[in-house]
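>>> Just need the structure, nothing else, for what follows:
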Amino acid sequence: MHQESRKLGGRARLVAAALLSLFIIGFDGTARGAQGLVPFDGEKSSWHGFDRYDFLMDETTLAIKPYKVAPDEKNAVKAQVKGQRRCVVVVPKAAAPGNPWSWQGCYWDHEPQAEVELLKRGFHIAFVAPDADRQGKVWDTWYKFLTEKHGLAKKAAFIGMSKGGVNEFNWGVVNPDKVACIYADNTALYDEDFAKVPELAKHDIPLLHICGTEDFLLQRHTRVVENTYHQLGGLITVIVKEGHAHHRHSLQNAKPIADWIEQHMTPSTANRPAFVDATFTKGYYYSLEPSFIYLKEEDTYATARGPGFTECYDRYDGPTSGKFKMGGISIIVPKTVAPGKPWVFTGDALERDATVEQALLAKGYHILILSPMGSGMTQKQWNDAYKLLVDNGFSNKPVLKGTGPKAGEAYAWAVANPDKVSCIYARNPLMKSLMAGKQQPIDNLAALAKAGVPVLHDCGDLDPWLDSQTRVVEKRYKELGGKITVIVRAGEGHFPLSPKDPKSVVDFIIKNAPIPVKGDAPTSQGNRTSRP
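Purely as a prediction, here's the structure:
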């Protein structure tokens, strides 16, 4: 009898668990499905083979009630009701984990192939008629209706075509915590929204822009957002279709769009490295090197750039001082850390065409960048940055790198710390240092030569600094017994700042990097993300 009771009790627990897995009763008393979903009320119709539910929202009271669509509407939204706002939800056959959804606020059912593909992947699709100007209480109410009452994800993917970009951007910049990602297609923004784009980057919201080369909005809208996002370290991918104007929108094969949205529905899963605390802001670094891809259905090519088409690295920016943000520190993290944890120590801004840094990141080097204080670089800045990484297990002999006058600053720190340098790489250097004061590095090379620090100068033969700087350093360093290599590139002046082919520079740096301790192996930084 006792054993039988135990069996019945076990069965009862299983039944209870099964019932609980089917329905969860929320605090509002509504029955929620296994993923917290509450079914939508009202008469359903069909949208591209999926169940569609229509609603009206009262513009005064914001009350939402079911609405029966007219037979001639089919997939569209045609009839308007005075004082009421049309709203639509389309339901997938089976909801994907987390109940993801996309939101469009303009041109419902225009080039819907991305939304149809998302429905097949378990996304809900939502629409609410836009406001004439700013998206306000109506949009806020619709968001709460879908997330709080019906259990959709707290962050939505936004899709905006043409003026639909106005809707997604001007609601998104005010509510960045409610946005997972934004797909903008030949999109427009209001002037005042450009100034608020940094809020999207600050909240780590990825952007995808698809445009035509002949679209009238490309230069003054997408390119402006793209440039802003790059400067802020945000994620933006751009696909520009050759020979296409404002229409047609989207891609005929919407799989790449749906792939991108699906991939960016969840926040980055990066683990913050031990050497950056909560005062560091996370961003991204990636090249602007374009890819030229063929779009079979459009029978044209497209220029594609940004994450997904080039390697993307996590970037951490440390605190600055003063209202104008002086003396910052930035650290770019490789995907996999090389043995010995080598790193590059520089005052150079990391441009998108920094070929040497990109090659070294690919080989597992970290890049640490300092920016000047009000009177330029200081020894304390460099000492503190050095201590930060060395105290966290990094090589105690970084690569010192500098371009133009930043080479002089790198030399100045190296002269003061010759035992803490693996090698020096200077590109078209000016051997002048504000940090060094009266003892300028061009006249103070003996300590480096004595310590056996290898030096590489990489110069254009038309650079005006070549003879008065590099040639003087070359002569003096050799006389002191130092090792110096000079590369002179024919036909180049002071620019470009990065060599087109970085192989010779990278080979020099790797050759002179510290030898790893026996048994060392490449280590994962633990910062791989769910994003490209």
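
>>> Break down the stretch 301-450 of the chain into its strands, ranges please.
Assignment of strands within the stretch 301-450 of the chain using DSSP state E, counting those that start in this stretch yields the ranges 312-317, 329-333, 336-337, 343-346, 366-370, 399-403, 423-427.

>>> could you redo those as a markdown table and give each row mean pLDDT?
Output for these, formatted as a markdown table (pLDDT from 0 to 100):
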| stretch | mean pLDDT |
| --- | --- |
| strand 312-317 | 95 |
| strand 329-333 | 97 |
| strand 336-337 | 94 |
| strand 343-346 | 98 |
| strand 366-370 | 98 |
| strand 399-403 | 98 |
| strand 423-427 | 98 |
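
>>> In JSON lines, list those along with distance to Val240 and mean neighbour count.
C-beta here means a position set from N, CA and C on the backbone, and glycine is covered the same way. Shown next, in JSON lines, are the strands of the stretch 301-450 of the chain (distance: least, C-beta to C-beta, whole Å; neighbours: other C-beta atoms under 10 Å):
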{"stretch": "strand 312-317", "distance to Val240": "19", "mean neighbour count": "21"}
{"stretch": "strand 329-333", "distance to Val240": "27", "mean neighbour count": "21"}
{"stretch": "strand 336-337", "distance to Val240": "32", "mean neighbour count": "18"}
{"stretch": "strand 343-346", "distance to Val240": "32", "mean neighbour count": "25"}
{"stretch": "strand 366-370", "distance to Val240": "29", "mean neighbour count": "24"}
{"stretch": "strand 399-403", "distance to Val240": "30", "mean neighbour count": "26"}
{"stretch": "strand 423-427", "distance to Val240": "31", "mean neighbour count": "25"}
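
>>> who touches the residue nearest the centre of the chain in this structure?
With distances taken as C-alpha atoms, centre = their mean, the residue of the chain nearest its centroid is Leu235 (2.5 Å). Remark: with contacts taken as C-beta atoms under 8 Å, 6 or more residues apart in numbering, Leu235 is in contact with Asp204, Pro206, Leu207, Tyr229, Tyr284, Gly306, Pro307, Cys312, Arg531.

>>> does Val166 sit in a helix or strand, and which one?
Assigned by DSSP states H and E, Val166 belongs to helix 164-172.

>>> got the contacts of Leu235 as TSV, with distance to Thr60 columns?
What follows is those, written out as TSV (distance: C-beta to C-beta, whole Å):
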residue	distance to Thr60
Asp204	37
Pro206	37
Leu207	35
Tyr229	38
Tyr284	44
Gly306	43
Pro307	44
Cys312	47
Arg531	42
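
>>> Among these, name the buried ones.
Asp204, Pro206, Leu207, Tyr229, Tyr284, Gly306, Pro307, Cys312, Arg531 (16 or more other C-beta atoms under 10 Å).

>>> I figured the third one hits Tyr229, correct?
Think Leu207. Yes - in this structure Leu207 lies within contact range of Tyr229 using C-beta atoms under 8 Å: 6.3 Å.

>>> list the residues that contact both of these two?
With C-beta under 8 Å, 6+ apart, Leu207 and Tyr229 have common neighbours Leu200, Leu235, Ile236.
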